[in-house]
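> Sharing a model prediction with you, sequence too.
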Amino acid sequence: MAMSSPMSVTDPLKLSAELVDFITSENISKNQKLAFAEGSVAYWNEHVNPGFLQYRKSMSDDHAVVEWFGEGCVLRDLNGREFIDCLGGFGIFNVGHRHPKVVKAVKSQLERQALHSQELIDGLRPHLARILKLMTPPNLQYTFFTNSGTESVEGALKMAMLATGRKHFIAASRGFHGKTLGALAGTSKAVFRKPFAPAVRFTHVRFGDVADLRNALENAHFTGAEVAGVLLEPVQGEGGIHVAPDGYLKAVRELCDSHGSLLLFDEVQTGMGRTGRMFAFEHWGVVPDILCLGKAFGGGVMPAGAFMAGPRAWGPYIENPVLHSTTFGGNPLACAAAIATINVLLEERLPERVAVEGAWFLAQWRRLHSKYPLVMSEVRGLGFMIGLEFVSDKVGYAFAKALFERNVLTAGTYINAKVIRIEPPLTMTREMLADVIGRADEALAQVSADLAAAAATSSAAAAAPAVATPTLPTPTTAVAASAV
């Protein structure tokens, strides 16, 4: 069945039939692909969000790339152009795109049952909870399953309120915890928070500053606004990939204990092997009261998340188990994906692998920083969670664009526009990592040359003001690059 031209179909039955045929067809013509791509852009602009379409606009500048196929560490667009994925869906694809074991588990479960009845015991959920219990410290006994990371944070905040009887939280500047209302209150950037304030009460302190946290807790005690919990990412993701300083999380744990506050770790992005341990808190040996998971938890195949806690936080919920509930969280397909994902992480020893390969990869990026110090100001990270900070967001955008031209996919971080994130699948080979470094070297050389040329032209323009001054491309958004 041919695809109609965009906006020409007004019958929902006809359009849905065309799309079902397109989705299920094994042989798609060039004209069908073109019509689908044009429809994707047109309908996004008309019915989804025209502003976000520009935000996601590809680095080709003149059209939106429509993604179509993913496998391992590679993405292809509708026309077959292949990209090395160094974005990893913001940390979704830890086991790669469509890992065969995860796909097989989901397909097999789908043949039996997709969603649960809501009344009977769905068997995969408690078995997955048991697996998580075996992987985490003894105090993290209970698990509630969600559909996303922000839902995990929302549930964690509610549990902390119930457990402590308090409604005040502390989070860190540059932190990011999601955009639903409670999680959004913990997110630090005003552009995200201000339109929806007031929400849950949060005080923000400097990440890594023990004295700042101590003062906030003491002030809260003095004023009677006792703190229910302290919510932190062990490695700040959207804030620009900032790793907790040694000793910081241990001090936070001690301060929480002394003030009767719970410690909540948001490992939505850092969890599931991303930093070289299954969970990032293991690097410092500091155990949270509540642990939040998401993104990679569903193996890049199903949306899935979870939050875990012990008897103290779970007590009120056990007394009244309908205080917090979900229709789709922990559904059979999501649980099948999560179980298979954990199996892959453990069987292929991916966290251990990332500890080694991540150290090598980070060293290569630092070598490039030394080579191009006028372009890149800092490199930081842990495992396969690496941040490249550039001298300006404009220069970072130019680098991301140059990488895109060399078929490497990456993006900026939400809260620090100067930082380009590097978060490849944990399965990426040393050979492919080296290939990325080679392409990045070329991209940095190009950006460095463009900067030098712009500076020279600017100097000439100062002497002769009538001469126009070429500049680097201006980013259309604060985020440096967009996903295909």
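Nice, thanks for sending it over.

> secondary structure element for the residue lying closest to Leu15 once chain neighbours are set aside?
Closest residue in space to Leu15, ignoring its immediate chain neighbours: Val9 at 4.5 Å, by Cβ to Cβ, 6 or more residues apart in numbering. The C-beta positions use only the backbone N, C-alpha and C, and glycine is treated the same way. Assigned by DSSP states H and E, Val9 belongs to no helix or strand.

> So what's the residue count around Val9?
By other Cβ atoms under 10 Å, 16 other residues sit near Val9.

> Check Thr24 too.
Based on other Cβ under 10 Å, the number of other residues close to Thr24 is 7.

> Tell me how far it lies from Trp68.
According to Cβ to Cβ, to the nearest Å, Thr24 and Trp68 sit 14 Å apart.

> And Arg366, by the same measure?
35 Å.

> likewise Gly224?
The value you get for Gly224 to Trp68, if Cβ to Cβ is used, is 57 Å.

> Now Glu226, what are its backbone angles?
With angles defined as degrees, to the nearest 10, Glu226 shows backbone torsions of phi -60, psi 150.

> wait, it sits on Ala216?
No: counting by Cβ atoms under 8 Å, Glu226 does not reach Ala216; the two are 11.7 Å apart.

> Please identify which of the two sits among more neighbours.
Under the criterion of other Cβ under 10 Å, the comparison of Glu226 against Ala216 puts Ala216 first, with 21 against 16.

> so the more buried one makes contact with Thr203?
Yes: if you go by Cβ under 8 Å, Ala216 and Thr203 touch, sitting 5.2 Å apart.

> so what's in contact with these two at the same time?
By Cβ atoms under 8 Å, 6 or more residues apart in numbering, Ala216 and Thr203 have these common neighbours: 170, 227.

> What are the buried residues along stretch 407-424?
408-424 (16 or more other Cβ atoms under 10 Å).

> From the chain's centroid, how far away is that stretch?
11 Å (Cα atoms, centre = their mean, to the nearest Å).

> do stretch 22-32 as well
Distance, stretch centre to chain centre, for stretch 22-32: 31 Å (Cα atoms, centre = their mean).

> Name the residues that touch that stretch?
Stretch 22-32 is contacted from outside by 1-3, 36, using Cβ under 8 Å, 6+ apart.

> What about the nearest residue to Val103 once chain neighbours are set aside, how many residues nearby?
By the measure of Cβ to Cβ, 6+ apart, the closest residue to Val103 outside its immediate chain neighbours is Val301, 6.1 Å from it. By other Cβ under 10 Å, 24 other residues sit near Val301.

> show me where pLDDT drops low in the stretch 1-150 of the chain?
Applying pLDDT under 70 to the stretch 1-150 of the chain flags the ranges 53-64.

> Am I right that Val169 sits in a helix?
Just so we're on the same page, residue 169 is Phe rather than Val. No: using DSSP: H, G, I helix; E, B strand; the rest coil, the secondary structure at Phe169 is strand, not a helix.

> For it, which non-adjacent residue is closest in space?
Phe169 sits nearest to Phe202 (Cβ to Cβ, 6+ apart), 5.0 Å away.

> For His177, see how far away that neighbour is.
10 Å.

> Which one of these two is surrounded by more residues?
Taking other Cβ under 10 Å, Phe202 and His177 do not tie; His177 has more neighbours (30 against 23).

> How about Val227: what's its closest non-neighbour residue?
Take Val227 and drop its neighbours on the chain: the residue closest to it by Cβ to Cβ, 6+ apart is Ser261, 4.5 Å away.

> Provide the backbone phi and psi angles at the one you found.
phi -100, psi 150.

> What is the helix or strand hosting Lys158 packed up against?
Per DSSP H and E, Lys158 falls inside helix 149-164. The contact analysis (3 or more Cβ pairs under 8 Å, 6 or more residues apart in numbering; DSSP states H and E) places helix 149-164 against strand 142-146, helix 181-186, strand 227-232, strand 262-266, strand 290-293, strand 305-309, helix 311-319.

> Can you tell me which of these has the worst average pLDDT?
Of all the helices and strands packed on helix 149-164, the minimum mean pLDDT falls on helix 181-186 (a mean of 62).

> how near is Thr164 to Thr180?
Following Cβ to Cβ, the distance that separates Thr164 from Thr180 is 21 Å.

> Kindly report the same for Trp68.
30 Å.

> and Phe265, what does it touch?
Here Phe265 is in contact with 232-234, 279-281, 288, 290-292 (Cβ under 8 Å, 6+ apart).

> will you turn those into CSV that also has distance to Pro137?
Converted to CSV, the contacts of Phe265 look like this (distance: Cβ to Cβ, whole Å):
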residue, distance to Pro137
Leu232, 17
Glu233, 18
Pro234, 14
Phe279, 9
Ala280, 14
Phe281, 9
Pro288, 9
Ile290, 12
Leu291, 9
Cys292, 15
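
> Return the member of the residues you listed nearest to Gly330.
If you rank the contacts of Phe265 by distance to Gly330 using Cβ to Cβ, Cys292 comes first, at 14.9 Å.

> neighbours around the nearest residue to that closest one once chain neighbours are set aside, how many?
Leaving aside its sequence neighbours, Cys292 sits nearest to Ser152 (Cβ to Cβ, 6+ apart; 4.1 Å). Here the count is done by other Cβ under 10 Å, and Ser152 has 32 residues near it.

> For Ser152, give me the pLDDT.
97.

> again with the one 3 residues further on
Note for Gly155: predicted pLDDT of 93.

> In contact with it, which residues?
Contact analysis of Gly155 by Cβ under 8 Å, 6+ apart lists 144, 146, 307, 324.

> Mind doing that once more with 6 Å?
144, 307, 324 (Cβ atoms under 6 Å, 6 or more residues apart in numbering).

> Could you say which helix or strand holds Ser377?
Short version, using DSSP H and E: Ser377 is in strand 376-382.

> could you pull out the strands for the stretch 1-150 of the chain?
Along the stretch 1-150 of the chain, counting by DSSP state E, counting those that start in this stretch, strands occupy 67-71, 74-77, 82-85, 142-146.

> how about a markdown table for those strands, with mean neighbour count and distance to Ala42 added?
Output for those, formatted as a markdown table (neighbours: other Cβ atoms under 10 Å; distance: least, Cβ to Cβ, whole Å):
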| stretch | mean neighbour count | distance to Ala42 |
| --- | --- | --- |
| strand 67-71 | 15 | 17 |
| strand 74-77 | 19 | 17 |
| strand 82-85 | 21 | 24 |
| strand 142-146 | 24 | 34 |
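
> wait, which of those is closest to Ala440?
Once the strands of the stretch 1-150 of the chain are compared by Cβ to Cβ, strand 82-85 is nearest, at 10.6 Å.
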